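> Mind folding the following:
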Amino acid sequence: MGRRRWACVDVNARPTLRYQMRASLRKRAHSFLGDDSAPSAIEYALLLAGVGVLIIAVVYMLGGGARSTFEHASPDQPTTSSSPPQ
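So this is what the prediction gives:
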């Protein structure tokens, strides 16, 4: 492991690209956290996901009932799961 050489820091020098990127990222994060639209968007996304789960649950529960209703309504008609007539 080599010796680490410390360079003198010039206070009048331009900031490095890495420093500028960190400062930009810090500024964007600060403005994002201070903005109220991000929590609102998350709330709307969670609400939409909840509605989607509710719709899927209702369709799943009613699907079996609807199938049995149609099977019992017309017993003469063959269903798709029955074997073909011989």
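> can you tell me the helix or strand for Ile42?
Element membership for Ile42 (DSSP states H and E) is helix 37-73.
> which secondary structure elements does that helix contact?
Contacts of helix 37-73 with other secondary structure elements, assessed using 3 or more Cβ pairs under 8 Å, 6 or more residues apart in numbering; DSSP states H and E, are absent: no helix or strand is involved. Any C-beta I mention is one placed from the backbone N, CA and C, and that applies to glycine too.
> all numbers from here: first residue = 49
Okay, using 49 as the starting number, the last item reads as helix 85-121.
> for it, which positions count as buried?
For helix 85-121, the neighbour count (16 or more other Cβ atoms under 10 Å) marks no residue as buried.
> Please work out how many residues are found near Arg66.
With neighbours defined by other Cβ atoms under 10 Å, the count for Arg66 comes to 8.
> Contacts only, for it.
Neighbouring residues of Arg66 by Cβ atoms under 8 Å, 6 or more residues apart in numbering: there are none.
> Let me see the confidence value for it.
In the prediction, the pLDDT value recorded for Arg66 is 82.
> helix or strand for it, which one?
With the criterion set as DSSP H and E, the secondary-structure element containing Arg66 is helix 65-82.
> and Ser79, how many residues sit next to it?
For Ser79, which is what you asked about, the neighbour count (other Cβ under 10 Å) is 9.
> related to what we said a few turns ago, can you state the direction angle for the helix holding Arg66 and helix 85-121?
An angle of 60 degrees separates the directions of helix 65-82 and helix 85-121 when computed by axes from the mean of the first three to the mean of the last three Cα atoms, to 10 degrees.
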